[in-house]
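Engineer: Please find the sequence and the predicted model below.
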Protein chains: 2
Amino acid sequence: MTRRGEFRLIADLFAPLSAGCAGAFGLTDDAAVVDVPAGRSLVSTVDALVEGVHFLPDDPPDLIARKLIRVNLSDLAAMGAAPWLVFLAACFPRDVSGAWLEGFAEGLKADCAEFGIALAGGDTVATPGPATFSLTALGLVPPGRALRRAGARPGDLLFLSGTLGDAALGLKVLRGEVTADAESAAFLADRYRLPQPRIGLGTRLAGLAHACLDISDGLVQDVGHLCRESGVGAVIDLAALPFSDAARAVFGPVALDAALRGGDDYELAFSAPPEASPRILEAAEDAGVPVAVIGRVEAGTGVGLLGPKGRIPEPDSGGWNHFRGDP
Amino acid sequence: MTRRGEFRLIADLFAPLSAGCAGAFGLTDDAAVVDVPAGRSLVSTVDALVEGVHFLPDDPPDLIARKLIRVNLSDLAAMGAAPWLVFLAACFPRDVSGAWLEGFAEGLKADCAEFGIALAGGDTVATPGPATFSLTALGLVPPGRALRRAGARPGDLLFLSGTLGDAALGLKVLRGEVTADAESAAFLADRYRLPQPRIGLGTRLAGLAHACLDISDGLVQDVGHLCRESGVGAVIDLAALPFSDAARAVFGPVALDAALRGGDDYELAFSAPPEASPRILEAAEDAGVPVAVIGRVEAGTGVGLLGPKGRIPEPDSGGWNHFRGDP
């Protein structure tokens, strides 16, 4: 297949993904026109992915597209919102192949179906640089029910969905930096490439959790964000961190570091009062996602770590920071 | 100034631009939560700009930021919508300077103020490639009043706001491909770097125009889009095309080619029945934008050009197409 014109690309591959949204006009107009359903607030987020930074050049195109959608839906989940519409800005390298574009569109299609959303608009351009994508996701939440980073209170328990560090280990596996048995390696790589936005859990936490965010910069750094916005401190019990079997199969300290500082987990960290625990565990069961208590919120500031010999000094740096060389 | 961390960048430079939107939470949360005002539909569009493709590497950073906002607001204007909120995905080169970032933020600030909008969210990442930005703009329109590309009817007059070809000539001036006197050169460069979204006109055209779009791919190609979506043809009278004094000062055929095929004009082309002309001219006067009748809509398909010796053959290719090498 030869390269396609932008308009043909949109018409052939992307327009069908707008079918669920009449106001997208089949992606033939300058903008989409939609009505937010009555009794819903609009939740909006945008995230960008850059080849070589947020995904690997040889990652399958369908998984790149799905990761793009999922990192945004994870932000919606962290707010307790249900996903509604997405808008794509895609900068494809000039020599992108038709097969790659088709794979990318297949990934969008798969996740539009999986999450019941529509592609309602976008822009497609050529870039002389690495493939670069940004996606804006619109979600819906009942008024006043959105989960915030602010709101955690001393005495709250600190909860975490799923398991920790898998994505960071998956990246190390894909880069050949750690070795694992084939099954573990496949599991970890999948966790890096195909995050699971915790929509079902997030929407059920509205009204239950005091504060919530998703883990995209590393547990310690992200819990730090939650604490700062809430004006509280927190202590994380290392013995309580939930690991997958695959993560356990990797050398211990590496897995622990990945759990504490690795990004890309896209699990939900949230705080809630102890008396809400039964309802939270019920919500987790309804959503089909394991939830663990990994620590507690306290008065003060900062994130402490509790090891086998008691409280250990705060790590000197958290998670992934895109611009190094801070003053 | 040394490079800044992403969080500091957001807090120092971008968060102040969210002040007008309480639901942006000072850009400290995972997403914005807002309520669409009662009696308004939501209009949403996204456009990407890539360094070296959509702007020049040495363009001033404040003008790049403002162009990014304005190309999106132009899409809202084309739908008859009033701008409301914007969301920014910014991929900065790793070696970007603090001064450049501050200039970029200054440009965002200037246009947030000029258009009465707020930056309600975003994502900031580093890229190994060219600076790449995408912006999602949300606008508001009374239900059922959005202007569409579809809707033009045979017998309609074809209108155009402002003047044509200035931006394409400005790019040629900046590239040294054409020469012009200093005053004309400055005017044309400004038209390339700082498009004027025709918000005031667009919002006044709702209920008056049958169909509307903004000129971003070149007049012939864009009017072709309007015709295709409306199921009609059109004829453009070359003698009626509105040129600026600066464009007239440039060699004639070059200016005509820029007017017909150049992109980046961001003027509104729209159709309306002849009897609506008085109200359209009144709307244009209220909006402070000149409007010219440049042709008419007819039954059939395609865009014809009317020259001094009558109808001339359709040009073989229109406007700017990002992916060359179509089959």
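Structural biologist: Structure received.

Engineer: what lines up beside whichever strand or helix holds residue A:49 in the sheet?
Structural biologist: Following DSSP states H and E, one finds residue A:49 within strand A:41-50. Strand A:41-50 sits in its sheet next to strand A:132-141 (antiparallel), strand B:32-34 (antiparallel), going by DSSP bridges.

Engineer: Quick one: low-confidence residue ranges for the stretch 1-150 of chain A.
Structural biologist: Low-confidence segments of the stretch 1-150 of chain A (pLDDT under 70): A:1-4.

Engineer: Spatially nearest residue to residue A:16 (excluding sequence neighbours)?
Structural biologist: Nearest residue to residue A:16, sequence neighbours excluded (C-beta to C-beta, 6 or more residues apart in numbering or on different chains): residue A:109, at 7.4 Å. (Each C-beta comes from the backbone N, C-alpha and C, glycine too.)

Engineer: elements contacting the helix or strand where the one you found lies?
Structural biologist: Taking DSSP H and E as the criterion, residue A:109 maps to helix A:98-115. Contacts defined by 3 or more C-beta pairs under 8 Å, 6 or more residues apart in numbering or on different chains; DSSP states H and E place helix A:98-115 against helix A:61-78, strand A:82-93, strand A:118-127.

Engineer: and residue A:306, how many neighbours?
Structural biologist: 17 (other C-beta atoms under 10 Å in any protein chain shown).

Engineer: same thing with residue A:47?
Structural biologist: Neighbour count for residue A:47, taken as other C-beta under 10 Å: 26.

Engineer: ok, so what distance separates it from residue B:50?
Structural biologist: Distance, residue A:47 to residue B:50, by C-beta to C-beta, to the nearest Å: 18 Å.

Engineer: Could you do residue A:137 as well?
Structural biologist: 22 Å.

Engineer: Show me which of these two is the more surrounded one.
Structural biologist: Shown here are residue A:137 and residue B:50; by other C-beta under 10 Å, residue A:137 has more neighbours (29 against 22).

Engineer: Surely that one and residue A:74 touch.
Structural biologist: No: contact criterion C-beta atoms under 8 Å: residue A:137 and residue A:74 do not qualify, at 9.4 Å.

Engineer: so residue A:106 touches residue A:62, yeah?
Structural biologist: Yes: applying C-beta under 8 Å as the test, residue A:106 and residue A:62 come out as touching, 4.8 Å apart.

Engineer: From the neighbour counts alone, determine which of these two ranks first.
Structural biologist: Using other C-beta under 10 Å, the more surrounded residue of residue A:106 and residue A:62 is residue A:62, with 21 against 16.

Engineer: residue contacts, the more buried one?
Structural biologist: By C-beta atoms under 8 Å, 6 or more residues apart in numbering or on different chains, the residues touching residue A:62 are A:103-104, A:106-107, A:110.

Engineer: Leaving out the residues flanking it, which one is nearest to it?
Structural biologist: Spatially, and ignoring its direct neighbours in sequence, residue A:62 is nearest to residue A:107 (3.2 Å; C-beta to C-beta, 6+ apart).

Engineer: was I right about the one you found contacting residue A:55?
Structural biologist: No: between residue A:107 and residue A:55 there is no contact under C-beta under 8 Å: 11.5 Å.

Engineer: How about residue A:206, nearest residue that isn't a chain neighbour?
Structural biologist: residue A:80 (3.7 Å).
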